[in-house]
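J.: Here is a sequence with its predicted model. Questions after.
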Amino acid sequence: MSEQSVVDRSTFDQVILPVYAPAQFVPVTGQGSRVWDQQGKEYIDFSGGIAVTALGHCHPALVNALKQQAEKLWHTSNVFTNEPALRLATKLINATFADRVFFANSGAEANEAAFKLARHYAITRHSPYKTKIIAFNNAFHGRTLFTVSVGGQAKYSDGFGPKPADIIHVPFNDLAAVRAVIDDHTCAVVMEPIQGEGGITAAQPDFMRGVRELCDQHQALLILDEVQSGMGRSGKLFSYMHYGVTPDIVTTAKALGGGFPISAMLTTEEIGSVMRVGTHGTTYGGNPLACAVAEAALDVINTPAVLDGVTQRHTLLVGALRQLAQEYALFSEIRGMGLLIGAELSSDYHGRAADFLAAAAARGLMLLSAGPNVIRFAPSLVITQQDIEQGMALFEQAIQDLLNR
Ligand SMILES: *Cc1c(COP(=O)(O)O)cnc(C)c1O
């Protein structure tokens with residue numbers, strides 16, 4: 001193919017593996033919760049890069065951290081450690097249940113590490129047969145073969161040959177179903193405290209506490225995948241903090257770097273102690289650039305101003321959504337926590353989430369879906385009231401466009 005100096009949306013179809021169906025415009029710059037495309041058209045961003053850009057686009061604290069570190073040290077590998085990684089790990093430990101941190105680059109890798117750790121812990125401390133992983137229907141844990149097999153949608157794991165074995169799926173928020181399958185051969189129960197890709201469904205408090213008790217009875221680990229729900233998204237630093245449970249392993253990614261790729265697996269000293277030099281690893285994990293940005297993000301997010309602000313913005317956004325729901329009879333349920341909000345389309349509109357996203361984009365609003373029936377809102381945690389109001393007005397216009405068509 002000839003070299004192209006000018007690229008646009010049509011280039012995507014020629015050069016990128018066809019695993020995505022991106023919107024028809026190409027974002028070029030972003031500032032706060034606003035984005036501009038190649039034609040200079042302005043958008044309000046309610047998508048937040050799928051719950052990643054938690055401080056909006058080009059937040060000055062993150063830009064500054066990246067620039068400063070960019071002129072200092074980019075990469076050393078894990079043959080050497082580095083100051084940003086050590087500082088970030090210390091801050092994550094101080095802010096959570098954890099005593100040990102493993103850094104990686106994506107949510108899938110953090111989960112892969114978590115599942116390997118849970119298996120290795122059970123095999124080392126208990127028995128070679130303690131390998132069963134209990135996970136939930138509709139769960140999403142990433143796209144490596146192990147994580148996609150633990151995920152609860154077979155359509156993502158079918159077609160790639162033999163899957164990792166001894167993984168069982170049960171309905172989410174169904175404690176009896178967990179009780180029916182958990183046993184002394186179970187090494188871990190894995191859950192998203194708020195199922196994200198599966199449609200924005202939060203764990204019920206009794207369910208979360210019940211699963212914790214069952215794990216304790218059977219010496220199984222409770223792994224919470226907070227890749228989407230963590231880093232302030234729920235209104236607390238991690239959403240497990242709403243439930244009064246202490247997990248054994250937590251994974252975080254998405255918003256951890258505010259848009260710079262980084263993930264982390266958090267665990268206790270006791271569980272982490274089964275790992276030895278060489279048991280697991282990654283080249284980029286703990287990269288100084290990524291850790292410097294994530295440290296800046298954590299410093300900003302883990303403050304009462306930002307976390308309480310999430311709760312206020314939740315009220316504002318959900319209030320506006322409920323009004324639209326009344327006016328247009330479009331939604332059967334509005335749910336979620338903090339700034340991870342799902343609006344389920346009523347049955348007349350099932351399967352049409354993508355149409356709403358396209359109509360919103362035409363009006364200058366970036367939105368997400370969570371499956372074919374749920375519109376997902378995951379804006380910046382510091383989005384202004386004005387941007388929320390303006391974005392909801394654009395959403396209403398998009399709804400009218402769609403209904404009048
Ligand atoms: C996005 C997501 C993942 C996967 O993260 P990647 O960075 O895409 O690998 C895993 N778990 C949950 C809950 C997610 O939302």
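T.: Okay, I see it.
J.: what about Thr131, neighbour count?
T.: As a burial measure, Thr131 scores 19 neighbours (other Cβ atoms under 10 Å). Any C-beta I mention is one placed from the backbone N, CA and C, and that applies to glycine too.
J.: Quick check: it touching Asp183?
T.: No. If you go by Cβ atoms under 8 Å, Thr131 and Asp183 don't touch, sitting 11.7 Å apart.
J.: who in the stretch 151-300 of the chain is up against the ligand?
T.: When proximity is defined by Cβ under 6 Å from any ligand atom, the stretch 151-300 of the chain lies next to the ligand at 192, 196-197, 225, 227-228, 253-254.
J.: In the chain, which residue sits nearest the ligand?
T.: Closest residue of the chain to the ligand, Cβ to the nearest ligand atom: Gly107 (2.2 Å).
J.: what's the pLDDT at that residue?
T.: Note for Gly107: predicted pLDDT of 98.
J.: Ignoring the adjacent residues along the chain, who's closest to the residue nearest the centre of the chain?
T.: For the chain, the residue nearest the mean C-alpha position is Gln228 (1.8 Å; Cα atoms, centre = their mean). Distances taken as Cβ to Cβ, 6 or more residues apart in numbering place Gly196 nearest to Gln228, at 3.8 Å, with adjacent residues excluded.
J.: And Ala89, by the same measure?
T.: Of all residues beyond its chain neighbours, the one nearest Ala89 is Val101 (4.1 Å), with distances taken as Cβ to Cβ, 6+ apart.
J.: Mind checking what secondary structure that neighbour has?
T.: Look at Val101: counting by DSSP: H, G, I helix; E, B strand; the rest coil, its state is strand.
J.: sorry, back to before: contact partners for the residue nearest to Gln228?
T.: Applying Cβ atoms under 8 Å, 6 or more residues apart in numbering, we find Gly196 in contact with 51, 140, 227-229, 340, 370, 376.
J.: Quick check: phi and psi on it?
T.: Dihedral pair for Gly196: phi -90, psi -70, per degrees, to the nearest 10.
J.: same question, the one 5 residues further on
T.: Backbone geometry at Thr201, expressed as degrees, to the nearest 10, gives phi -120, psi 120.
J.: buried residues in the longest helix seen in the chain?
T.: Here the longest helix in the chain is taken by residue count, with DSSP state H as the criterion, and it is helix 304-328. Buried residues in helix 304-328, counted by 16 or more other Cβ atoms under 10 Å: 306-307, 309-310, 313-314, 317-318, 320-321, 324-325.
J.: try stretch 236-254
T.: Taking 16+ other Cβ under 10 Å as the basis for neighbour counts, the residues of stretch 236-254 that come out buried are 236-243, 245, 247-254.
J.: picking up where we left off before, for the longest helix of the chain, packing partners?
T.: Using 3 or more Cβ pairs under 8 Å, 6 or more residues apart in numbering; DSSP states H and E, the elements in contact with helix 304-328 are strand 331-337, strand 340-345, helix 385-404.
J.: isn't there a helix covering Ala113?
T.: Yes. Ala113: assigned to a helix according to three-state DSSP.
J.: Which of the buried residues of stretch 236-254 fall within strands?
T.: Those of the buried residues of stretch 236-254 mapping onto strands are 249-252, per DSSP state E.
J.: Quickly check the residues you listed for the two that are furthest apart.
T.: Within those, two members stand farthest from each other by Cβ to Cβ: Ile249 and Thr252, at 10.9 Å.
J.: between the two, what contacts are shared?
T.: Overlap between the contact sets of Ile249 and Thr252, as judged by Cβ under 8 Å, 6+ apart, is given by Leu266.
J.: Confirm that Leu266 sits in a strand.
T.: Yes. Assessed by three-state DSSP, Leu266 belongs to a strand.
J.: What about the residue nearest to it when sequence neighbours are not counted, how many residues nearby?
T.: Of all residues not flanking Leu266 in the chain, Ala98 sits nearest, at 3.6 Å (Cβ to Cβ, 6+ apart). Counted with other Cβ under 10 Å, the burial measure for Ala98 works out to 24 neighbours.
J.: With Asp225 instead?
T.: Counted with other Cβ under 10 Å, the neighbours of Asp225 add up to 31.
J.: Not counting residues beside it along the chain, what's closest to it?
T.: Across the structure, with Cβ to Cβ, 6+ apart as the measure, the residue nearest Asp225 apart from its sequence neighbours is Glu192 (4.8 Å).
J.: ok, that neighbour - how many residues close by?
T.: The burial count for Glu192: 28, using other Cβ under 10 Å.
J.: Let me see the contact set for it.
T.: Each residue near Glu192 by Cβ under 8 Å, 6+ apart is listed here: 136, 139-141, 198, 203, 224-229.
J.: ok, back up a step: and the two most separated of the residues of the stretch 151-300 of the chain next to the ligand?
T.: Of all the pairs that these form, the one spanning the most space (Cβ to Cβ) is Glu197 and Ala253, at 13.3 Å.
J.: circling back to that earlier point, how about the ones in strands among the buried residues of stretch 236-254 in JSON lines, adding distance to Ser149?
T.: Converted to JSON lines, these look like this (distance: Cβ to Cβ, whole Å):
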{"residue": "Ile249", "distance to Ser149": "18"}
{"residue": "Val250", "distance to Ser149": "21"}
{"residue": "Thr251", "distance to Ser149": "16"}
{"residue": "Thr252", "distance to Ser149": "21"}
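J.: Now pLDDT too, for these, in CSV please.
T.: Putting those into CSV (pLDDT from 0 to 100) gives the following:
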residue, pLDDT
Ile249, 99
Val250, 99
Thr251, 99
Thr252, 98
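J.: Do you know the pLDDT at the nearest residue in space to Ser263 that is not next to it in sequence?
T.: Nearest residue to Ser263 in three dimensions, chain neighbours excluded: Ala253, at 3.4 Å (Cβ to Cβ, 6+ apart). For Ala253, the pLDDT comes out at 98.
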